[in-house]
Structures are given as C-alpha cells and as structure tokens.
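1. make a model of this:
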Amino acid sequence: MKRNGATITETRSEVYLVRSRGPRRHTSRPILAAAVAVFAMGIAVAPGYATEGAYLTGLDALHLQRAGGGAASPRSAAWMVVNPAGLTTLESGADMSLLTVRGRTNVTMRGVSSNWVAGHLESDVLAFVPSGGVVWRDDRNAWALGFYVPAASATDYPDSRNLFSELFFGNRDRRLTYQHLRLVGAYARAFDNGWSVGLGLHGSVSRLRTDHLTLNLTPTAGDNAWDETPGFGFGLGVLKEWDRFAFGVGYVSRHWVGDLDTYEDLVPYNVELPQTVQAGVAWRVTPRFEVTADYKWIDWTDTRIFGTSVHRNSLDWADQHIVKLGLEWRALERVAFRAGWSHGNTPIDRDHAFVSALTPATFEDQIAFGVSWNVADGQSLHVTALYAFPHTVRDSGTGDFFSVQAGGSAVTSRLEAVAFGYSIAF
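-> Just a heads-up that it's a prediction; the model follows:
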C-alpha cells in the first residue's frame with residue numbers, strides 16, 4: 001500500500017494478524033466460495049439476543065474480542081458496518097463467524113396485574129448467529145460485501161407475565177422473537193495524507209413474532225406468527241492514521257423499514273432502528289501491544305417504537321451512552337490476544353421496566369476475551385468469549401399504566417456468548 005509516496009510493506013492489520021498472511025493470491029475461486037458461504041449462512045439464521053438495547057455488541061468474532069470497540073482499529077470485514085473507512089487498512093480476503101449466545105432473563109412478579117400466581121418467570125434462550133464478509137483491495141480503494149445480524153432479541157417464558165392472559169387468553173403475553181438481517185455493501189478510499197473515507201449501503205429484512213399484550217389488554221392478533229418487512233439505511237466513516245496513533249468515526253443512519261401488518265394492533269407504525277455514532281482512538285504502545293478507547297451513542301429516543309411514550313405503543317427507552325476499552329497483544333508471531341470491556345446505561349428505566357420484560361435489555365457491563373491464531377499462510381482462526389454481567393431494573397410503580405399495575409416487579413438479564421471465526425486472504 002502506498003502512502004505519502006512511500007511503499008508500506010507492513011500495515012497496521014499485518015502486524016496484528018488480520019490477513020497478515022503473505023502474498024495475495026489473485027484468483028476468483030476463493031472469492032466466489034466466500035461469497036456463497038456468506039449468503040448460505042444467512043439462510044439459516046436463528047434468534048439472537050441483544051446486549052445494547054436491541055443491538056448486539058459484536059458483529060463477528062474479531063469485532064467481539066474487544067467488546068465491540070475499535071472504530072479506529074479495523075480487524076475484519078465487519079468494519080464495513082462499524083467504520084467503512086477502515087476497509088482501506090485490510091488486505092483482500094473474507095471473514096466468517098458463528099456466534100453462540102445464551103441469554104437468560106428472570107422476572108420477579110409484583111403488583112396487582114402481574115402474574116403473581118406464578119411469582120417468578122425465567123427465559124433461557126440459546127441462539128446461533130452467523131455472519132460473514134468479503135473485502136477486495138487495491139492500493140487506494142476497497143470494496144466489501146457482507147451479511148450481518150446487528151440487532152435481535154428473544155424471550156420465551158413458560159407462563160404469561162400478566163394474570164389476565166394467564167387466566168383468560170390461553171397463556172399468551174410470554175414470547176417475543178425479533179431478528180434484523182442486514183446485507184451491506186461498502187466502498188472506501190485512502191488518501192496520501194493518511195485519511196480514509198468510506199460509505200456503506202445497507203439493505204435488510206426484519207422479522208417479528210410475538211404474543212405480546214396490546215394497549216387494549218388483549219394479546220396481539222398476530223398470535224406469535226412470523227411477519228417480515230424490508231428496510232434500508234446507510235453508513236459513513238472516516239479514519240486517520242499516524243505512526244502510532246489512529247482516530248476513527250463511524251456513523252450508521254436510522255434504518256427505515258416497512259410495516260408489519262400482522263402486528264398492526266401492537267405496532268401501528270414501522271419498527272425502525274435508531275442511528276448510531278461510534279468514535280474511537282487507537283494507540284500502538286509497542287509494535288506488539290495496542291490500546292483502544294471508544295464512545296458509542298445509540299439514539300433510541302428518536303424512534304417511535306423504542307423512544308416515545310408507552311401509551312403510544314412504544315417502550316419509552318432512553319438513549320444509550322457507551323464507553324469501550326480494548327487491549328490487543330501479539331504474544332507470539334502467529335498468536336494475538338484481545339480483551340475488551342464495555343459499560344453503558346441500560347435504555348430501560350425504573351418507570352418502564354415491566355413493559356420491557358419481553359425485550360429485557362437491562363445490561364450495563366460486558367467483558368470479552370479472544371485469541372486469534374494464524375494457522376497457515378493466508379488463514380486464521382478466532383475464538384471469542386463474552387460475558388454480560390447480570391443487571392436488575394425494578395419497576396417503580398409510578399411510571400406508565402403497566403408500571404402502576406405491576407410496581408415492584410424486577411427484570412434481570414445475563415448473557416454468555418462464544419464466537420468462532422475463520423479468515424482467509426486472497
């Protein structure tokens with residue numbers, strides 16, 4: 001890659017085992033095989049479990065290793081979503097991952113209308129979330145195509161969370177599965193002054209099934225049947241690199257979607273996902289050790305389904321402000337370790353805890369650890385573990401209509417995830 005008139009033979013990504021795999025092999029066969037694998041994984045996508053509101057913390061095994069941080073430190077094709085400008089630091093290749101998630105939620109029932117007969121509900125969901133992307137590079141330009149699941153949520157309680165549904169409506173108001181499957185294409189360009197810019201175009205399919213209670217105090221007519229709708233959005237990114245420092249910002253627009261006609265009585269408008277901004281810095285302390293720090297903002301209050309009043313068929317979530325710290329250490333020539341910590345406020349406050357029991361995004365602190373192993377020239381394996389610490393939100397009883405009827409109810413969520421990834425250079 002050429003920068004400032006000089007040829008750089010060891011890029012940031014090469015030092016840290018992301019496609020640091022020797023000479024590129026210019027052939028269409030691996031590109032075609034990787035593209036087919038990316039789309040094949042999308043066909044079999046299973047429910048996921050959100051850790052940042054409705055969003056997942058990481059898009060693939062490498063992104064998850066620093067708890068979703070690294071806007072200024074690209075490591076895989078997933079940066080076409082995080083910060084598309086970072087694609088200019090990668091070599092041509094493909095990254096594929098499978099995330100295994102176990103999400104558990106406990107609801108302690110209190111108040112007049114909650115299901116105090118059951119007393120305690122527990123949801124235990126195991127999910128498998130695939131992802132993958134392909135990057136093509138020349139000296140200054142990068143193109144990318146990938147499939148990701150940036151948002152998902154799933155709960156399945158054995159009994160209804162409210163007494164009326166338990167007694168009169170066939171034990172409904174206990175299940176919800178939401179999936180947001182996204183196909184992303186991106187382009188990035190590097191300049192001689194160390195700056196890179198990138199643009200991503202996002203198309204999607206959102207899927208929902210639930211037997212959620214409506215404002216009429218009856219279960220939705222959708223009755224846990226699947227409904228799907230398409231959507232679109234875009235992403236922008238900038239990246240600036242110096243010898244030992246880097247700065248990056250990624251912006252993902254609001255994601256506009258169509259109607260979910262089956263659930264019009266529950267959601268009488270589009271289930272749009274909010275815009276996000278993530279800015280970060282990276283400091284290469286030594287050639288083998290790097291520190292990253294990121295700030296992420298999620299604009300829940302500007303979307304009707306998440307941010308407006310419960311009495312208007314919304315969840316009344318607050319915006320999230322999240323900080324992420326990451327470490328990367330190349331212990332051996334072929335082995336790199338990464339770790340990350342993420343802290344942010346839960347979007348659910350005490351006045352609206354009970355209404356969010358089927359979308360229980362109560363998490364605030366997460367830690368991650370991973371290892372990448374360059375098993376052969378052009379190929380690497382990645383393993384990542386993430387733990388979201390249990391966090392409880394207890395309903396005040398003085399908030400929305402459901403809060404008044406179920407004051408004192410407590411929602412606690414925890415999550416464990418393991419991701420396996422494979423990368424290949426072209």
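2. and stretch 362-372, C-alpha only, in CSV?
-> Taking Å, rounded to 0.1, in the frame of the first residue of the first chain, the C-alpha atoms of stretch 362-372 are listed here in CSV:
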residue,chain,number,x,y,z
THR,A,362,-31.0,-4.4,31.1
PHE,A,363,-27.3,-5.0,30.5
GLU,A,364,-24.7,-2.3,31.5
ASP,A,365,-21.3,-4.0,31.8
GLN,A,366,-19.7,-6.6,29.5
ILE,A,367,-16.3,-8.1,29.2
ALA,A,368,-14.8,-10.1,26.3
PHE,A,369,-11.6,-12.1,25.7
GLY,A,370,-10.4,-13.7,22.5
VAL,A,371,-7.5,-15.3,20.7
SER,A,372,-6.5,-15.3,17.0
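3. pLDDT (mean, whole number) over that stretch?
-> Predicted confidence along stretch 362-372 averages 97 (mean pLDDT).
4. then stretch 402-417?
-> pLDDT averaged over stretch 402-417 gives 92.
5. and that stretch, end to end?
-> Stretch 402-417 stretches 32 Å from its first residue to its last (Cα to Cα, to the nearest Å).
6. for it, buried residues please.
-> The neighbour-count check on stretch 402-417 (16 or more other Cβ atoms under 10 Å) flags 402-415, 417 as buried. Where C-beta positions appear, they are placed from N, C-alpha and C, glycine not excepted.
7. likewise for stretch 196-210?
-> In stretch 196-210, counting by 16+ other Cβ under 10 Å, buried: 196-200, 202, 204-210.
8. now do stretch 305-314
-> 305-308, 310, 313-314.
9. what about that stretch, start to end distance?
-> Distance across stretch 305-314, first residue to last, is 5 Å (Cα to Cα).
10. give me the contacts around it.
-> Around stretch 305-314, the neighbours that count as contacts under Cβ atoms under 8 Å, 6 or more residues apart in numbering are 53-54, 215, 266-272, 274, 299-301, 304, 315-317, 319, 347, 352, 355, 399-402.
11. report the separation between the residue lying closest to Asp299 once chain neighbours are set aside and Trp297.
-> Using Cβ to Cβ, 6 or more residues apart in numbering and skipping the chain neighbours, the partner closest in space to Asp299 is Pro274 (4.3 Å). Per Cβ to Cβ, to the nearest Å, Pro274 is found 9 Å from Trp297.
12. the more surrounded of the two?
-> Of the pair Pro274 and Trp297, Pro274 is the one with more neighbours under other Cβ atoms under 10 Å, namely 26 against 16.
13. center of this protein - which residue?
-> With distances taken as Cα atoms, centre = their mean, Leu56 lies nearest the centre of the chain, 2.6 Å away.
14. what's it sitting at in phi/psi?
-> For Leu56, the backbone dihedrals (degrees, to the nearest 10) come out as phi -90, psi 150.
15. show the contacting residues for it.
-> 48-50, 99, 129, 149-152.
16. quick check, nearest of those to Ala85?
-> Closest approach between those and Ala85, by Cβ to Cβ: Pro150, at 18.2 Å.
17. tell me where the stretch 201-350 of the chain has strands.
-> Taking DSSP state E, counting those that start in this stretch, the strands of the stretch 201-350 of the chain run over residues 227-241, 245-252, 256-257, 276-286, 289-298, 320-332, 335-344.
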